[in-house]
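Undergrad: Only the shape, not the letters, is given here:
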C-alpha cells in the first residue's frame, strides 16, 4: 500500500511540538498557549494533514460508526424491499457526518447474538439500529447488558430505555380493508407475516379491528412467512375453502404478487373474482398484471430519521421518540367490486 | 455507556509489567522472556481481557474492515436482487474472520468518488470490493492513486492490477437464445441494460453472437435501464413494430416481469404469442404468471469468493483471478413455440 499522506509526526516536527500537543489541538482540548495552538494549526494546513479516523476514534473512544445487524436468511433477503432503501436512508445521513455504517447479515438467532457481541467486543460501533422487533426481543436485554446505545424501529413491548422511531402499520391496513368494504366485499381474508414480528402482528390486528369496526364478520387469517412460496401456499389454502374469500389483504407485496399468480393458476381471475392488496409498494407492484393495490411505505425516510436519532443519542443528546407519518394506500387495478366484470 | 470490561492496564498491573509489554504479547511480537510472556498470558486469561479492535487496528495499521461502495439510486436498489445476496455472501466470510463490512450507498458518480476518498482518508477499510464495472471505470485509477487494495467483480477493460473474481454472463444468455431457437423462434429481440455497465454489454454481445452462430438474423436491441418502468417502455416499443418479435430476451428479471405485464396490457399473451426470458432468477421469477424462464446467478457465492480473495490480498497474499461457474438457464413457463396454443 502506497501512503503519501503526512503523519502526525510530520506536523509535530514542522510546528516544533510533541505529537501529544498536536493531538490536543486536533481533539479541541485545553492546555496549550494560543501561540502554540496557532503554530500547530498552521502546520496542519500547510501539510494538508488529516488526522486518521483511527487516531480520532482512540482519543475519543468513539468508533464514528453505527451498527446494523440484519437477521435474515440471505435467500429471503433477496426480494425484501425494506433493507436496501432503509440502509440508503441511513447512509444519506451518515455520509454528511463523516460516519459509516457497519453492516452484518446473519442467518440465525444464535449468529445474531454473536454478531452483536463481536461488534461490541471489538468496539466497532457507537450504537445500534434495531429493526424487525420481535416479541420478547432478546436484543433489548442483550444490548442493555452490554451497555450499548440503540434506537429501535417502533417501540418494543418491554421497556427498552432506547428512543424509538415509529411508523404505525395499522392505518395502511385499515385503509385497505375500508377500501375493500366500500367496494362491497364482505368475505375478506388476511395472509399475515410471522406473528413473532411485531409489524406482522400489528398488521393482523389492524385487519381484524377494522373488520370489527365496520361490522364485517372476521375473515380467515393464514400466517405465512413473507416469502413468495409462503404467499402461494396461503392463497391455495384460502381458495380451497368451499366459500372462498372474495378479497385477500396480504401483509407484503411479495406474498400478494405470488398470490395473484397462484390464483391465476387455479383459474381465479384478479380482480374480477378475487381482489388483492399488498403492503410495501415494491418496484414491481405497479408493473405486475393487474397492477397491485398496496400500501406505500417510505423506508428511506425511516432510515434517515433513525440514523439522526441514533447520532443524537451517541453524541449525548436525549432524543425523543419520533412518530413518522403512516404509510398510505395506493389503489391500482388488483381490487374491484366482488364478481365484477373484466375491465380489460 | 457502562463498561465493565478489564483494560490493558489491569492486565499489566496483574502481570507486573508495562502496558507495552502486554501489547507485544498480544501482537505476537518478540522481545520478552518466555517467563514474562507466560505471566502476561495468564493475566489475560484470568481477567478475561479482550484487546480492543481499535487498539489492534492501531498497532497493526489495519482496519480489519472491507469497504463496499454501492452507486445506485436508492429507488433502483429496492428491487435489485444482487446486492443483498452478494453482501450476505461477503458477510458469511467476514464474520468468521473477525472482520466487518463498511457499506456506503451513494446516489451519484460524484458522491461515489467522495465516498471512496472519505473511507480512505479516515482509514476505515483495508480494501475495496468493486462491483458493476463500467467502461473506463474511474474507480480503478482513483483507487490506484489512493494506493488502495481492491478486488473487482469481473475484469475491467483497463489493466487494474487488482485480482478479479469473474462470472461470465455470456453462457446464460447464449443458453436462453439457443432455447428459443430450438422452440422455433427466428424473430428474437433483446432488452439490454445500460451498456455503460460491462455486464449489460456482455449480455448484449452474447445475445448477438449466439444469433449469428445459429444463423438467425440479428433481432432488435433496445437499451433500457434495468428498471420495471424501463422494461415496460422497451416492451411497448418492440411490440409496436409491424412485425414484432416472437420472443424477447431481457437482461434482468425485473424488466422481464414488467415486460410480461406490458404485453398482457396490449393483449399479447405470454408465452403463446410472446416468449420471455429474464436474468437473475429473483424470488418472484418462479411465482409470476407465467413462471419466468430465466438464468440463475449465485451472488451469495460471488460475495463469498470475492471476500476471501480480498482478505488474502490484504494479508499480503497474491491471489490469482477466480473464474466462477457460469449461471445456468432455468426453463419455466414463459417460453413456448411461437404461435403455440395456450396450455393452461
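TA: Good, I have the coordinates. Since the model is a prediction, treat every value here as computed from it, not as a measurement.
Undergrad: For chain A, just list every one of the strands.
TA: A:65-71, A:100-106, A:127-130, A:150-153, A:164-166, A:188-192, A:221-223, A:247-250, A:275-277, A:294-296, A:322-323, A:328-330 (DSSP state E).
Undergrad: would TSV of these with mean pLDDT be doable?
TA: Converted to TSV, these look like this (pLDDT from 0 to 100):
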stretch	mean pLDDT
strand A:65-71	91
strand A:100-106	87
strand A:127-130	96
strand A:150-153	97
strand A:164-166	97
strand A:188-192	98
strand A:221-223	97
strand A:247-250	98
strand A:275-277	98
strand A:294-296	96
strand A:322-323	96
strand A:328-330	97
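Undergrad: Out of the ones you listed, the one nearest residue A:237 is which?
TA: strand A:221-223 (5.8 Å; C-beta to C-beta). (Each C-beta comes from the backbone N, C-alpha and C, glycine too.)
Undergrad: Deepest in the core, which of the strands of chain A is it.
TA: Most buried of the strands of chain A, by mean neighbour count (mean count of other C-beta atoms under 10 Å in any protein chain shown): strand A:247-250, with a mean of 32.
Undergrad: domain ranges for chain A?
TA: Per automatic domain parsing, the structural domains of chain A span A:1-47, A:65-167+A:299-324, A:170-297.
Undergrad: hey, which of those is tucked in deepest?
TA: Sorting the domains of chain A by mean neighbours (by mean count of other C-beta under 10 Å), the first place falls to domain A:170-297, with a mean of 22.
Undergrad: what sits against residue A:231?
TA: A:191, A:224, A:250, A:254, A:255, A:256, A:257, A:258, A:259, A:262, B:287 (C-beta atoms under 8 Å, 6 or more residues apart in numbering or on different chains).
Undergrad: give the contact list for the closest residue in space to it that isn't next to it in sequence.
TA: In space, residue A:231 comes closest to residue A:255 once its chain neighbours are excluded; the distance is 3.0 Å by C-beta to C-beta, 6 or more residues apart in numbering or on different chains. Contact analysis of residue A:255 by C-beta under 8 Å, 6+ apart lists A:191, A:224, A:226, A:227, A:228, A:230, A:231, A:234, A:278.
Undergrad: Also residue A:284?
TA: A:253, A:257, B:79, B:228, B:254, B:257, B:258, B:284.
Undergrad: Can you tell me which of those end up in helices?
TA: Judged by DSSP state H, helices contain the following of the contacts of residue A:284: A:253, A:257, B:228, B:254, B:257, B:258.
Undergrad: Quick check: of those residues, which lies closest to residue A:218?
TA: For the ones in helices among the contacts of residue A:284, the nearest to residue A:218 is residue A:253 (23.7 Å; C-beta to C-beta).
Undergrad: Not counting sequence-adjacent ones, nearest residue to that closest one?
TA: Closest to residue A:253 by C-beta to C-beta, 6+ apart is residue A:278, at 3.8 Å.
Undergrad: Please verify my assumption that residue A:254 contacts residue A:227.
TA: Yes: in this structure, residue A:254 is within contact of residue A:227 by C-beta atoms under 8 Å, at 6.6 Å.
Undergrad: who touches both of those two?
TA: residue B:283.
Undergrad: ok so, going back, comparing the domains of chain A, which yields the minimum mean pLDDT?
TA: Among the domains of chain A, domain A:1-47 carries the lowest mean pLDDT, at a mean of 75.
Undergrad: now residue A:133, nearest residue through space, not along the chain?
TA: Closest to residue A:133 by C-beta to C-beta, 6+ apart is residue A:198, at 4.6 Å.
Undergrad: again with residue A:144
TA: Per C-beta to C-beta, 6+ apart, closest to residue A:144 is residue A:161, 7.1 Å.
Undergrad: and that neighbour, how far is that from residue A:202?
TA: Separation of residue A:161 from residue A:202 (C-beta to C-beta, to the nearest Å): 22 Å.
Undergrad: just residue A:45 next, same as before
TA: Taking C-beta to C-beta, one finds residue A:45 at 54 Å from residue A:202.
Undergrad: And for residue A:108?
TA: Taken as C-beta to C-beta, the span from residue A:108 to residue A:202 is 25 Å.
Undergrad: give me every residue that touches the residue lying closest to residue A:49 once chain neighbours are set aside.
TA: Once flanking residues are discounted, residue A:49 sits nearest to residue A:6: 4.6 Å by C-beta to C-beta, 6+ apart. By C-beta under 8 Å, 6+ apart, the contact list for residue A:6 reads A:47, A:48, A:49.
Undergrad: and of these, the nearest to residue B:327?
TA: For the contacts of residue A:6, the nearest to residue B:327 is residue A:48 (46.5 Å; C-beta to C-beta).
Undergrad: how many neighbours does the closest one have?
TA: 8 (other C-beta atoms under 10 Å in any protein chain shown).
Undergrad: List the residues that contact it.
TA: residue A:6.
Undergrad: Got phi/psi on it?
TA: Dihedral pair for residue A:48: phi 60, psi 30, per degrees, to the nearest 10.
Undergrad: near chain B, which residues of the stretch 201-344 of chain A show up?
TA: Residues of the stretch 201-344 of chain A lying close to chain B (C-beta under 8 Å from any C-beta of the partner chain) are A:227-229, A:231-232, A:254, A:257-258, A:260-262, A:264-265, A:282-284, A:286-289, A:291, A:300, A:344.
Undergrad: switch the cut-off to 6 Å
TA: A:228, A:257, A:258, A:261, A:264, A:282, A:283, A:284, A:287, A:288, A:289, A:300 (C-beta under 6 Å from any C-beta of the partner chain).
Undergrad: my guess is the fifth one contacts residue B:289, does it?
TA: What it means is residue A:264. Yes: counting by C-beta atoms under 6 Å, residue A:264 touches residue B:289, with 4.3 Å between them.
Undergrad: Contact partners for residue A:271?
TA: Contacts for residue A:271 (C-beta atoms under 6 Å, 6 or more residues apart in numbering or on different chains) come out as A:334, A:335, A:336.
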